[in-house]
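>>> here are the coordinates; sequence isn't available:
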């Protein structure tokens, strides 16, 4: 099955990228708020690469002309229904799927964390908009819109 070693390499690289994605996601659960953006950018780069690999895997399978390969990669497939030589591809695909399942939980937790950070940020913005400085700025801004400040000749110039 030497001709299919390339497919195994692609599947292994996909698994490694998903594991890295998982590491970044878990790190984001406990990092400083300011580091979240960096984590999101890294996750974006990793997902782009995973998408590229998936396209390469599909292309490899289509080019090989072996429908059994595509069946081995299908999560709904059963290992027992595949010929013996295809079991290694089934196993490699399920290894990536296992990481994907763990990622679901991490993503739920991360989504909750991001919502908390967003709410905290919005609260700080609302608080600063209610402060004395913000009220004074609104007052002076509205006075400028009416043609100047009381006692000022600038509005009449």
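On my side now, so go ahead. This one's a predicted model, so the numbers in the text were calculated from it and none came from an experiment.
>>> in the protein, what secondary structure element scores lowest on mean pLDDT?
helix 132-145 (a mean of 65; mean pLDDT, DSSP states H and E).
>>> which ones are touching residue 117?
33, 36 (C-beta atoms under 8 Å, 6 or more residues apart in numbering). Every C-beta, even on glycine, is put in place using the N, C-alpha and C of the backbone.
>>> can you tell me the SS state at it?
Secondary structure, DSSP: H, G, I helix; E, B strand; the rest coil: residue 117 is helix.
>>> relative to residue 111, how far out is it?
The gap separating residue 117 from residue 111 is 11 Å, by C-beta to C-beta, to the nearest Å.
>>> what of residue 85?
Noted for residue 85: a distance of 41 Å to residue 111, by C-beta to C-beta.
>>> ditto for residue 101
Distance, residue 101 to residue 111, using C-beta to C-beta: 16 Å.
>>> show me where the protein dips below the pLDDT cut-off.
1-2, 131, 133-157 (pLDDT under 70).
>>> in it, which spans are helices?
For the chain, the helices defined by DSSP state H cover 5-28, 36-64, 67-73, 87-130, 132-145.
>>> so which of those comes closest to residue 81?
Closest approach to residue 81 among those (C-beta to C-beta): helix 67-73, 7.8 Å.
>>> name the residues of the closest one that come out as buried.
68-69, 71-73 (16 or more other C-beta atoms under 10 Å).
>>> could you do stretch 48-57 as well?
50, 53, 56-57.
>>> which residues are contacting that stretch?
With C-beta under 8 Å, 6+ apart as the test, stretch 48-57 has contacts from 7, 10-11, 13-14, 17-18, 21, 73.
>>> for residue 79, grab the count of nearby residues.
11 (other C-beta atoms under 10 Å).
>>> residue 73 against residue 95, yeah?
No - counting by C-beta atoms under 8 Å, residue 95 is not a contact partner of residue 73; they are 11.7 Å apart.
>>> give the residues shared as contacts by those two.
Counting by C-beta under 8 Å, 6+ apart, residue 73 and residue 95 have no contacts in common.
>>> neighbours around residue 75, how many?
For residue 75, the neighbour count with other C-beta under 10 Å is 10.
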